[in-house]
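Participant: Requesting a structural model of the entry that follows:
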Amino acid sequence: MNRGERLIVLGTVLVVLFILLLQTIAPRETSWTETFSAHKRTPWGCELVVERAGDLFPKGVTITHEPLYMTGEARLALPEGAERVNHILIDENCSWDSLDRARLLQMVEAGDDAFIAARQWWGSGDLLDTLHIDVDYRWTPTEWDEGINSFTRQDTAILRFSPRPLNADSATRFVRGDFDYMFEKYPADSAAVLAVKEKRDSTGTYRYPVLLRVRWGKGTLYLCTVPNAFTNYMLLRPEARGFMESAFALLPDRPVLWDEFYKTGRMESRTPLRFVLDRTPLKRAYWTMIALLALTIFVYARRRQRAIPEIAPPRNTSRDFAETIGRMYYFKGDHADLARKMCLYFKDELRQRLYLRRTVWDEEDLTAIEARTGIPLAEWQSTFRLIAHYESAPHVSEEQLMQLNKALARVRTRIA
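Facilitator: Residues are numbered from 1 along each chain as shown. Model (predicted):
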């Protein structure tokens, strides 16, 4: 690699690093994607909520990446007097199967509490059917907001707690988020409405239940249809965070298991190498091996890469020699000498191809040649008379030389 090539490579690397630096320091557009993830600091994420949840739950908040049935297996295997926990599940929908739902209900029945906030409950494994609860959707007019590149509600959503004394001054206003889902039917003997959404129009004020408390065995289920109220965006708005604080305050002072499995899955490698990647020593050894292999390939290629010289194909010198000799005889015009050499080469070819020991070229030799080639003796006698004539001819014309060449060629093609 010469100096010019090194400068080009160095300039390219600097340009790429400069572009990466600009992309790193450039302000990014806010993502309004509803992730509800404890690992996202976006408006509809929950990372800030989890960080501040420790103020309400001094015993700690643990993020779990295991499905409910695995958490249930571990919890139900604990002895009778083990400390109970609170389960918090906040997501767009409850994508559980029947086994997850069964384990959740068993944990609550054993004494755990569960706070579930979701809009869609179709994937919860018949959880609402088991609790005899139905969810309905009441549409609120929307309009497109160019500032956030998303739809926003034209009116403000007002959530208010129902039990005394929270209902005295508990109105919380939300200007963004989907608050159109509500509980349509619930058993009055086992479920209590804790919060409602107020909607006013010309005909009056309507209250739609959005937060229920359901007793189940020794524990309690808290079901909510407004997961947007428990996100980073609502935590940072003073007029909206009150609902979140009061809702979480309903849970007892216990350790909290914050579910992330149904949003991000298990936080582990999905490759066949997960056994190696899950163990720190093996993981370090693996990446060290990859780095050394890449370095070896780079260094070896650099040392082995050389300019390949252009090698011309070998020339056919015999053909060049024949062309030179032919051109010489052509310009010299000595046909008699060329005829004598043609006769001499023809005899030598006969000797080599027919393995002749005797080359006097008398009748005995011609008889042996006849026996080995199958060509009649009279034809061989005629050919050798022609050869004898041209071997002693002082002058040979071009036409005679051509006739001699044709005659010898006819005999040569018939030799076996």
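Participant: okay, now Lys197: neighbour count?
Facilitator: Using other Cβ atoms under 10 Å, Lys197 has 23 other residues around it. Glycine gets a C-beta too; all of them are placed from N, C-alpha and C.
Participant: I should have written Asp100 there, sorry.
Facilitator: Counted with other Cβ under 10 Å, Asp100 comes out at 23.
Participant: Can you list the helices and strands that the longest strand seen in the chain packs against?
Facilitator: In the chain, assigned by DSSP state E, the strand with the most residues is strand 204-216. Under the contact criterion of 3 or more Cβ pairs under 8 Å, 6 or more residues apart in numbering; DSSP states H and E, strand 204-216 touches helix 98-110, strand 157-161, strand 181-185, strand 191-201, strand 219-224.
Participant: would you turn the ones you listed into JSON lines with mean pLDDT and distance to Leu386?
Facilitator: Shown next, in JSON lines, are the helices and strands packed on strand 204-216 (pLDDT from 0 to 100; distance: least, Cβ to Cβ, whole Å):
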{"stretch": "helix 98-110", "mean pLDDT": "93", "distance to Leu386": "107"}
{"stretch": "strand 157-161", "mean pLDDT": "87", "distance to Leu386": "121"}
{"stretch": "strand 181-185", "mean pLDDT": "90", "distance to Leu386": "116"}
{"stretch": "strand 191-201", "mean pLDDT": "86", "distance to Leu386": "124"}
{"stretch": "strand 219-224", "mean pLDDT": "96", "distance to Leu386": "119"}
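Participant: quick one: secondary structure of the closest residue to Cys46 other than its chain neighbours?
Facilitator: Excluding its sequence neighbours, the residue lying closest to Cys46 (Cβ to Cβ, 6 or more residues apart in numbering) is Ala38, at 5.0 Å. On the three-state scheme (DSSP: H, G, I helix; E, B strand; the rest coil), Ala38 is labelled coil.
Participant: now do the one 3 residues further on
Facilitator: Reducing the assignment at Arg41 to three states with three-state DSSP gives coil.
Participant: Does it touch Leu235 like I think?
Facilitator: No - between Arg41 and Leu235 there is no contact under Cβ atoms under 8 Å: 11.0 Å.
Participant: what touches both of those two?
Facilitator: Listed as contacting both Arg41 and Leu235 by Cβ atoms under 8 Å, 6 or more residues apart in numbering are Leu48.
Participant: out of these two, which sits in the more crowded spot?
Facilitator: Shown here are Arg41 and Leu235; by other Cβ under 10 Å, Leu235 has more neighbours (21 against 12).
Participant: would you list every one of the strands in the chain?
Facilitator: 61-64, 86-90, 113-117, 134-137, 142-145, 150-153, 157-161, 172-174, 181-185, 191-201, 204-216, 219-224, 256-259.
Participant: For the ones you listed, give me a markdown table that also has distance to Thr24.
Facilitator: A markdown table is the format used below for those (distance: least, Cβ to Cβ, whole Å):
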| stretch | distance to Thr24 |
| --- | --- |
| strand 61-64 | 27 |
| strand 86-90 | 31 |
| strand 113-117 | 35 |
| strand 134-137 | 42 |
| strand 142-145 | 28 |
| strand 150-153 | 26 |
| strand 157-161 | 37 |
| strand 172-174 | 34 |
| strand 181-185 | 39 |
| strand 191-201 | 42 |
| strand 204-216 | 41 |
| strand 219-224 | 38 |
| strand 256-259 | 30 |
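Participant: domain ranges for this protein?
Facilitator: With domains defined by automatic domain parsing, the chain comprises 29-267, 278-304, 317-414.
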